[in-house]
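**Student:** Here is a sequence together with a model predicted from it:
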Amino acid sequence: MIHHVSLGTNDLPRALAFYDPVLSVIGLRLLKSDGKSADFGVSSFLFSLETPIDGQPATVGNGTHIAFAAGHRGMVDEFHRVALSSGGSDAGGPGLRPEYDANYYGAFVFDPDSNKIEAVTYSAK
């Protein structure tokens with residue numbers, strides 16, 4: 001079971017300006033930020049943004065992406081719209097992905113640090 005996921009960022013304020021509105025669409029909120037990291041969740045943290053502690057720049061892992069669960073298809077659509085309007089770039093618009101499952105409905109975006117994130121639901125609504 002995964003406890004939480006963290007992504008590196010070289011610009012925490014820019015990352016917060018992107019993730020705060022995007023993650024609020026799927027019900028996650030900023031729980032804590034200290035200038036070096038930011039934790040998002042519901043009651044405990046599930047996702048964090050971290051600035052490098054070793055002096056090396058944060059880089060993106062090849063082929064890595066994080067999928068966030070969405071309650072319904074409208075939430076996936078809104079996630080994608082808010083992500084693009086908050087500085088993200090399209091990596092695959094909202095739609096069915098029948099190659100995964102007949103009801104797999106997802107949308108993919110790159111955050112401002114080029115991390116690939118997704119919102120997905122199996123809901124037919």
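**Tutor:** On my side now, so go ahead.

**Student:** which SS state does Gly106 fall under?
**Tutor:** Assigned by DSSP: H, G, I helix; E, B strand; the rest coil, the conformation of Gly106 is strand.

**Student:** give me the beta-bridge partners of it?
**Tutor:** Assessed by DSSP bridges, Gly106 has beta-bridge partners Gly95, Val120.

**Student:** Burial check on it, number of neighbours?
**Tutor:** 23 (other CB atoms under 10 Å). C-betas here are computed from N, CA, C, even on glycine.

**Student:** Pull up the gap between it and Ile26, please.
**Tutor:** Using CB to CB, to the nearest Å, one gets 12 Å for the distance from Gly106 to Ile26.

**Student:** Common neighbours of the two, please.
**Tutor:** Counting by CB atoms under 8 Å, 6 or more residues apart in numbering, the shared contacts of Gly106 and Ile26 are Ala119.
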